[in-house]
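Q: have a look; sequence and predicted model below, questions after that.
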Amino acid sequence: MALIVRIDVDRPYGKKGIVRHVASRLSSDYRLPRMNWLRYLDELKTILRILSANGKSAHVFFRKCTYPTADVCELMEAGGHQFGLHLENSRSAETFREELRCLEKEVGRRVAAFSKHGSGRLRLGRNHFAPYEPERYLPWGREAGMKYFLGNLEDPELRPAQESGLLYFPSAFWLEPHWRDTKKYPIEWLLREAAERDIVMLLHADNVTASPEIMRDFLVAIERLEAAVLPGLSANLPR
Ligand SMILES: [Zn+2]
């Protein structure tokens, strides 16, 4: 019984500081060269290092504009973290397969899990298909040989289920209070719950590093709880 740590990597340069904020927005819409001088994926590296220091591993979900660099891949490997797809263009089975193929090629391995960028309310950029339609994604995932879909609903009481051949977690405990009923579900609730069953804790690295309160809750959770990663597919793509 454990915490399943889910990190959605939304912004390549975080959102703190106007230049990095604008660079994150533009990279999401247009293919720009990586700007390492703007500290590409810096916040993710911070979170991965904290997890590793605590002997905990996570599922990390990447968009095209946040693909991991070689040093991030090293951190992922060393920490036993799993690569996942953060689905952006969910318009059709074809666009889904295209995103999956690109990510698998980029990281050189099969990807077993995916999550969806955005919860259906807002269109988040030029390449984003906004509707949130898990019932469409589950068969796509199964056909692609994937094993897990981690959903975006905000009621952390919903239990995982086997659906359309995938293990489906409909909701998560959103670490950022913006998406959580913090009175009903404080961090203490998570501590109790994760001691008894598997539960997904969702976070965005740049929100955690930007807020002392969120960082405190993050540290409480990873220091006090067991974390587990769901078993992946065979590590490498056939060449
Ligand atoms: Zn996202």
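A: Happy to help now that I have it.

Q: for the closest residue to the ion within the chain, give me its contacts.
A: Nearest residue of the chain to the ion, counting by Cβ to the ion: His117, 3.7 Å away. C-beta: built from backbone N, CA, C; applies to glycine. Under the criterion of Cβ atoms under 8 Å, 6 or more residues apart in numbering, the neighbours of His117 are 8, 10, 63, 86-88, 124, 128.

Q: one more time with 7 Å
A: 10, 63, 86-88, 124, 128 (Cβ atoms under 7 Å, 6 or more residues apart in numbering).

Q: now swap in Gly80 and tell me
A: If you count contacts by Cβ under 7 Å, 6+ apart, Gly80 has them with 57, 229.

Q: apply 6 Å and report the result again.
A: Counting by Cβ atoms under 6 Å, 6 or more residues apart in numbering, Gly80 touches Ser57.

Q: repeat for Pro12
A: 24, 27, 40, 65-66.

Q: from the residues you listed, which ones fall inside helices?
A: If you go by DSSP state H, the contacts of Pro12 have 24, 27 in helices.

Q: want to throw the contacts of Pro12 into a markdown table with distance to Thr95 and neighbour count?
A: Below are those laid out as a markdown table (distance: Cβ to Cβ, whole Å; neighbours: other Cβ atoms under 10 Å):
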| residue | distance to Thr95 | neighbour count |
| --- | --- | --- |
| Ser24 | 22 | 20 |
| Ser27 | 19 | 23 |
| Tyr40 | 25 | 22 |
| Cys65 | 16 | 23 |
| Thr66 | 18 | 22 |
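
Q: can you lay out the contacts of Pro12 as a markdown table showing distance to the ion?
A: A markdown table is the format used below for those (distance: Cβ to the ion, whole Å):
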| residue | distance to the ion |
| --- | --- |
| Ser24 | 12 |
| Ser27 | 14 |
| Tyr40 | 17 |
| Cys65 | 11 |
| Thr66 | 9 |
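
Q: name the nearest residue to Ala227, ignoring sequence neighbours.
A: In space, and not counting its chain neighbours, Ala227 is closest to Lys56: 4.0 Å by Cβ to Cβ, 6 or more residues apart in numbering.

Q: and which of the contacts of His117 is nearest Ala194?
A: His86 (22.9 Å; Cβ to Cβ).

Q: on the three-state scheme, the closest one is what?
A: Recorded secondary structure, His86: strand (DSSP: H, G, I helix; E, B strand; the rest coil).

Q: can you find the helix or strand in this protein with the smallest mean pLDDT?
A: Among the helices and strands of the chain, helix 18-29 carries the lowest confidence by mean pLDDT, DSSP states H and E, at a mean of 89.

Q: name the helices or strands packed onto that helix?
A: Packing partners of helix 18-29 (3 or more Cβ pairs under 6 Å, 6 or more residues apart in numbering; DSSP states H and E): none among the helices and strands.

Q: can I get the CA coordinates of the next helix-or-strand element following it in CSV?
A: Using DSSP states H and E, the helix or strand that follows helix 18-29 in sequence is helix 42-53. Provided in CSV are the C-alpha atoms of helix 42-53 (Å, rounded to 0.1, in the frame of the first residue of the first chain):
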residue,chain,number,x,y,z
ASP,A,42,15.3,22.9,-13.5
GLU,A,43,12.4,22.5,-11.2
LEU,A,44,11.9,18.9,-12.3
LYS,A,45,15.6,18.1,-11.5
THR,A,46,15.1,19.6,-8.1
ILE,A,47,12.1,17.4,-7.3
LEU,A,48,13.8,14.3,-8.8
ARG,A,49,16.9,14.9,-6.5
ILE,A,50,14.7,15.3,-3.4
LEU,A,51,12.8,12.1,-4.3
SER,A,52,16.1,10.2,-4.8
ALA,A,53,17.5,11.5,-1.5
